[in-house]
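[1] model the following, please.
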Amino acid sequence: MNPLYESYAHWRDELTERAKLSLDAAYCRARMEALSNEDDPSTRSLLKAYGAAHRDQVLRWFEQALAES
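    Just a heads-up that it's a prediction; the model follows:
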């Protein structure tokens with residue numbers, strides 16, 4: 001399981017309620033593009049801190065959020 005979030009619902013709540021981010025289509029696509037690029041500085045930081053499995057899970061959650069937008 002993901003080290004930071006218990007589920008998609010938990011992740012979504014953290015982003016939308018606590019961080020006040022909008023998971024609209026444009027934001028989801030931008031994050032998916034960044035997470036798919038290992039040369040992106042934010043992706044490198046995430047990979048270093050949490051590993052590829054966490055990045056892959058977050059990418060799947062952004063895909064789900066995009067489908068729901």
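
[2] which outside residues touch the helix or strand containing residue 44?
    Assigned by DSSP states H and E, residue 44 falls within helix 41-50. Contacts to helix 41-50, defined as Cβ atoms under 8 Å, 6 or more residues apart in numbering, come from residues 3, 4, 34, 35, 36, 37, 38, 54, 55, 58. In short, each C-beta sits where N, CA and C put it, glycine included.

[3] which one of those residues is nearest to residue 18?
    Nearest to residue 18 among the contacts of helix 41-50, counting by Cβ to Cβ, is residue 4 at 12.1 Å.

[4] tell me which stretches of the protein form helices.
    In the chain, the helices defined using DSSP state H lie at 8-13, 25-35, 41-50, 52-68.

[5] looking at those, which is closest to residue 19?
    helix 8-13 (9.8 Å).

[6] I'd like the helices of the chain laid out as CSV, including distance to residue 19, mean pLDDT and mean neighbour count.
    What follows is these, written out as CSV (distance: least, Cβ to Cβ, whole Å; pLDDT from 0 to 100; neighbours: other Cβ atoms under 10 Å):
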stretch, distance to residue 19, mean pLDDT, mean neighbour count
helix 8-13, 10, 96, 15
helix 25-35, 11, 98, 16
helix 41-50, 14, 96, 13
helix 52-68, 13, 97, 16
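
[7] quick check: the farthest pair among the contacts of helix 41-50?
    The span of those, defined through Cβ to Cβ, is set by 3 and 37 at 22.0 Å.

[8] need phi/psi at residue 7.
    Backbone torsions for residue 7, taken as degrees, to the nearest 10, come to phi -170, psi 170.
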